[in-house]
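Novice: generate a structure from the sequence data that follows.
(3 chains)
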Amino acid sequence: MSIKKVFALILSALIILSVFSGCGKSAATDNSTNNTNTTADETKLKGEIEMWSTFTELENKVLTEKVIPAFNQKYPDIKVNVTPMPSGDDYKKKIITAATTGTTPDLARIDITDIAQYANEGFLLAVDDLPGFKELKDATFEGPMDTNFFNGHYYGVPLDTNTKVAIYNKRLLAEAGFTEAPKTMDELEQAALKIKEKKVKGIAIGGANTWSMPPYFLSLGGKFTDENNQKATGYFNSPESVKALEKIVEWKDKGIIGDCLLGGEGTWEGFNNAHYMMLDDGPWWYPANKEQKEVKDNVIFAPIPKGAGGSVSIVGGEDTIIFKDSKNKEQAWAFAKFLASDEAQTIFAQELGMMPVCKATANKDVVTNNPILKVYVEQLSSTWARTPSAKWGEISNVIGEAFEKALRKKATPKDALDAAAAKIDELLSQK
Amino acid sequence: MEKAALIKAKNPYPKKKLSKKQREALEAWGFIGVGFLLFVVFMLYPLIKNFIIAFMNYSINPNKPSTFVGLANFKRAFVSGGILEESQKFYLALKNTFLAVLVTVPFQWFIGIIIAIAIDSLRRFKLFYRFMLYIPVISDWLVVAILFKYLFQPTSGSLVNAFLLKLNLISKPIGWFENAGTANIVIWSLCIWKGIGWVMMMYTAALQDLPKSLYEAAMVDGANKKQLFYKITLPLLSSRTYFIIISLIIGAFNILLQVMLITNGGPLGQTDVLLNYMYNKAFTSFDFGYAAAISLIMGSILITISVLQNKITKKTEIEF
Amino acid sequence: MKKYSIGQIFLHLFLLMFVIAAIIPFLNMITVSLIPNSYILPTKPQILPESFKAISFVNYKKVWGRESFGRYFLNSVFVSSMATILTMFVSTLSAYGFARLNFKGKKIIFNLYVFSLMMPAVLAIISQFTVLQKLKLINTYTGLILLYVSGGVAGNTFFLKGFFETIPKELEESVIMDGGSRWTIYRHIILPLSKPALGTLAIGVFTGTWMEVFTALVVLTSKSKRTLPIAMKLLQNGRATEWGLIFAGSIIVLIPILIIFIIFNKQFIKRSGAEGAVKG
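Specialist: Presented below is the predicted three-dimensional model:
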């Protein structure tokens, strides 16, 4: 027994010691890096780094032909290789395989909702101690920046961002008695009820999932979790949330939401066929649909209508992360920072109409002179980032199921949200 | 080639001490050795690892500890309870998997064999039919899944609804993805549509392979065409049936993309199948221990089925 | 004679029905692939293009013109051909061993093969990848082809064993009496007599490896080594999916398989014996 105790004592002493020494060490190195690593030094970095990119071919072309040359003007000795990767499930498996065997590249473009999971597995390098992080953080929009935050650290920097705004069919909106976009949810409902007479569905919500529902649910006053993303009970099933979901169910019962909500004609198809008066979507919607008859010179972009919760949309996008196993962390960090910088973001905005993550870029002509992009950037200041949790995938399923249950009348909104809140709490408490 | 054959023939195991049995065994290993080695390294090893993981709370990061949790993963699947009600989802996926086997296997098999025999008895255009019916087999899953989703749209203009309306089989368009029953029908029809051609190819190979000598002998004995078919062709085909049915059952257990791309489990997770459930656990939740347990359960069910089936069909299998 | 023809006509009608069911979605796919800028599918399914004017090969040109398309195509040809040849070799040897030779543990190993087909291993690819890493075969075609060949051993042995067993043993006995070895039997009796089975298997193996994305993506990291399906998968990147482009890509990927199908059917899967006997 006494031996055990002694062991325990020694062990705890060792742990305490190691913790202390660890802290001291990192603090010391931090200081030294902060002192020595001025920007002048960083540009002298040499080496070759590899980045996995899930951009489209066109976007990759801009990255390799415009952005990287600009980077090399500042950092002439860092060679950047870009490997295009397919997005989605296969990408995830590729990353897992690489990370478990230590064969990851230096950097990767990762969907914002996957950051927490990879960080939780210990695959990613925390970047908040690296030189220049604070300046970068201050220069970047808060919404996209926060998507990198997990367990007290930042594990990446924003690369590209997007959000959804309301898009209206001008002609149908006029028939519903509105010459400009509805400002509030009540007005939207009013317009939708009016246009129902023409057999047009007023509101096209893309599905009962966590990408399509939040703009409405949140703007109508709903909440998902507390601010620290620790608890859902009392938030997801609060009276305000119940009311918000009840409103959406009511809309569905009144027949003013498109069939797309539960798997019918898709939002794009329905909008282009003039079956839907309004939809919400990201910046990619317009370039893909601009030639359509109902779209050409016939759309109004506007912020999500205000409700009890204000005008809240959802933020999407990708971040640049550095893998822990990277052998060229300094070089990788220099490039990650550059990608989020005003210079790179301006190129992306100019060439591709991409939404900037950098505040300075958002004030430039390239954004402010683009009437559509402007609406998106304005909406960006009022967005919700999906709960940063390693269990987000499952939480998302739980939320979607609760919405769908209520919409399909398998449960009352209150019961559905109560049950889901308990499940989310359970998931948030794991790990 | 000839030379190699000669050398091998002359000089494989020159010691005469080996008994005939030992010699045969050595020769056998010469034939199966390479395959076996590859199998052990790349297939068996991952399976054994998978088996171990099923009893662990497994972390994919080798630097993070994985702990043994005994039967906890299996308990989660089989025993109901807990806030997350995992077992309920498991049983639902299990049920759908069984339904998929019961529906898709007989259809694919029956239509496939009929078509194979029909094509075989044609005098012309055999290749044309085989070619056309093989196209579904090789079409890209993503593309055909999207197409099926699109053909089964809930509007009256969608191909399937329009067809059914025209035939007066239904009075108003069906919302195929509105409930589990009809959504499953879409998933199953995609499986059957894509599987028939495979069965046809398998039986075609079997039909081509039937020993000529048997037919000749029967002809000499004065058998007519009908007799030839029932007495020789069918029994011989049935010797291939074990392989084909087992493959189809394995295929039905491995339904994944169909569900992922068409319904993604919806409505309300009611069309989820085991493999999709397992993959989500593994790659959405990184819950690899539990996913491995599910895969063990799937494997055990399949092995049980195949052993039972082997017991039943053995009687009809023909040995020469 | 006349009766026979009516039967034939009936058979043709019966089969045509299935052909139509089989190719309607396929025709639809072709039609969509001919529509430029198709981010959404046309509301009414089009089996044939609305008019000849509406036809545009823009999507095909775009797919064809993508970065290093030709390179990926050739990579795929190389990987699939090598994998098919090696798989055929290993599998036929193996199946012959199981079909004709007796040795200790034969039953156990064969059962292991069959059972392995039924066990989905979630993390198989990671274990395989670790082995490849130890063998220094990551990002090599050798590694990828090894995985393809290994993955086929069990199933193909199972498939071929059944065929080999139906070959009459008397044929082999005569070879043995002439002093021939097992190899001679394998080479000169078993293989030639199982041409239809081998042809079918080869088509299957080629198709499987030709369209395989995931293993190829995991094993091959450098851009220049990639195979065609990976390049096609990249078409799906981005939030707006251009269906016409994806469909065109999938048709381009399909064509070589169709050619292989026809060649192998003509070469191997011809009715040789039995039909003659029936006719006679």
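Novice: tell me if A:Ile300 really is in a strand.
Specialist: Yes - counting by DSSP: H, G, I helix; E, B strand; the rest coil, A:Ile300 is located in a strand.
Novice: OK, contacts around it?
Specialist: Taking CB atoms under 8 Å, 6 or more residues apart in numbering or on different chains, we find A:Ile300 in contact with A:167-168, A:170, A:173, A:180-181. Heads up, the C-betas are built off the backbone N, CA and C, glycines and all.
Novice: in the sheet, who's paired with it?
Specialist: A:Tyr168 (DSSP bridges).
Novice: again with the one 10 residues further on
Specialist: In this structure, A:Gly310 has beta-bridge partners A:Gly307, where bridges are defined by DSSP bridges.
Novice: show the pLDDT at residue 208.
Specialist: All of this refers to chain A. Listed pLDDT for A:Ala208 reads 93.
Novice: chain C was what I was after
Specialist: You'll see C:Gly208 listed with a pLDDT of 93.
Novice: residue contacts, it?
Specialist: Contacts of C:Gly208 were listed using CB under 8 Å, 6+ apart, and they are C:148, C:152.
Novice: related to what we said a few turns ago, of the contacts of A:Ile300, closest to B:Thr67?
Specialist: Closest approach between the contacts of A:Ile300 and B:Thr67, by CB to CB: A:Ile167, at 50.4 Å.
Novice: neighbours of whichever residue of chain B sits closest to chain A, how many?
Specialist: Closest to chain A within chain B is B:Thr284: 3.6 Å, counting by CB to the nearest CB. Neighbour count for B:Thr284, taken as other CB atoms under 10 Å in any protein chain shown: 18.
Novice: now it: closest residue in space that isn't a chain neighbour?
Specialist: With sequence-adjacent residues excluded and distances taken as CB to CB, 6 or more residues apart in numbering or on different chains, B:Thr284 is closest to A:Gly393, at 3.6 Å.
Novice: kindly report the same for B:Thr204.
Specialist: Taking CB to CB, 6+ apart as the measure, B:Thr204 lies nearest to B:Ala116, with 5.1 Å between them; neighbours along the chain are not counted.
Novice: how much space separates the one you found from B:Ala206?
Specialist: With the distance defined as CB to CB, to the nearest Å, B:Ala116 ends up 8 Å from B:Ala206.
Novice: higher neighbour count, those two?
Specialist: B:Ala206 (27 against 23).
Novice: pretty sure the more buried one contacts B:Tyr242?
Specialist: No - between B:Ala206 and B:Tyr242 there is no contact under CB atoms under 8 Å: 11.7 Å.
Novice: host element of residue 73?
Specialist: You didn't say which chain, so I picked chain A. Assigned by DSSP states H and E, A:Gln73 belongs to helix A:68-74.
Novice: switch to chain C, please.
Specialist: Take DSSP H and E as the rule and C:Phe73 turns out to sit in helix C:69-100.
Novice: wondering if that helix reaches chain B at all.
Specialist: Yes - judged by CB under 8 Å from any CB of the partner chain, helix C:69-100 and chain B are in contact via C:90-91, C:93-94, C:96-98.
Novice: which positions in that helix come out as buried?
Specialist: C:69, C:72-73, C:75-76, C:79-80, C:82-84, C:86-88, C:90-100 (16 or more other CB atoms under 10 Å in any protein chain shown).
Novice: distance between that helix and the chain's centre?
Specialist: Relative to its chain's centre, helix C:69-100 lies at 10 Å (CA atoms, centre = their mean, to the nearest Å).
Novice: counting contacts, what elements does that helix pack onto?
Specialist: Here helix C:69-100 touches helix B:20-39, helix C:106-118, helix C:141-165, helix C:182-185, helix C:195-211, helix C:228-233, going by 3 or more CB pairs under 8 Å, 6 or more residues apart in numbering or on different chains; DSSP states H and E.
Novice: how big is the angle separating the first one from helix C:106-118?
Specialist: This means helix B:20-39. 20 degrees (axes from the mean of the first three to the mean of the last three CA atoms, to 10 degrees).
Novice: the third one now?
Specialist: Helix C:141-165 runs at 120 degrees relative to helix C:106-118, counting by the same axes, to 10 degrees.
Novice: tell me if helix C:141-165 is near chain A.
Specialist: No - if you take CB under 8 Å from any CB as the test, helix C:141-165 misses chain A, and the best it gets is 12.2 Å.
Novice: okay, now the unreliable bits of chain C?
Specialist: C:1-4, C:43-45, C:270-280 (pLDDT under 70).
Novice: so which residue is dead centre in it?
Specialist: For chain C, the residue nearest the mean C-alpha position is C:Thr207 (2.2 Å; CA atoms, centre = their mean).
Novice: can you pull the contacts of A:Pro371?
Specialist: Counting by CB under 8 Å, 6+ apart, A:Pro371 has contacts A:Phe301.
Novice: what about it, distance to chain B?
Specialist: 33 Å (CB to the nearest CB, to the nearest Å).
Novice: on that earlier part again, so which of the residues of helix C:69-100 next to chain B is the closest to chain A?
Specialist: C:Val90 (25.1 Å).
Novice: the closest residue to the closest one other than its chain neighbours: neighbouring residues, count only.
Specialist: Leaving aside its sequence neighbours, C:Val90 sits nearest to B:Gly35 (CB to CB, 6+ apart; 4.8 Å). Neighbourhood size, B:Gly35 [other CB under 10 Å]: 28.
Novice: nearest residue to the residue most central in space within chain B other than its sequence neighbours?
Specialist: By CA atoms, centre = their mean, chain B has its centre lying nearest to B:Gly251, at 2.2 Å. Closest residue to B:Gly251 apart from its sequence neighbours, by CB to CB, 6+ apart: B:Gly195 at 6.7 Å.
Novice: ok, whatever residue of the stretch 101-250 of chain A ends up closest to chain C - contacts?
Specialist: Taking CB to the nearest CB, chain C has its nearest neighbour within the stretch 101-250 of chain A at A:Thr101, 5.2 Å off. Listed by CB under 8 Å, 6+ apart, the contact set of A:Thr101 reads C:126, C:129-130, C:133.
Novice: looking at those, which is nearest chain B?
Specialist: When the contacts of A:Thr101 are compared against chain B (criterion: CB to the nearest CB), the nearest one is C:Ile126, at 7.2 Å.
Novice: got the buried residues for the strand or helix carrying the closest one?
Specialist: C:Ile126 belongs to helix C:124-134 when elements are defined using DSSP H and E. By neighbour count on 16+ other CB under 10 Å, the buried set for helix C:124-134 is C:124-132.
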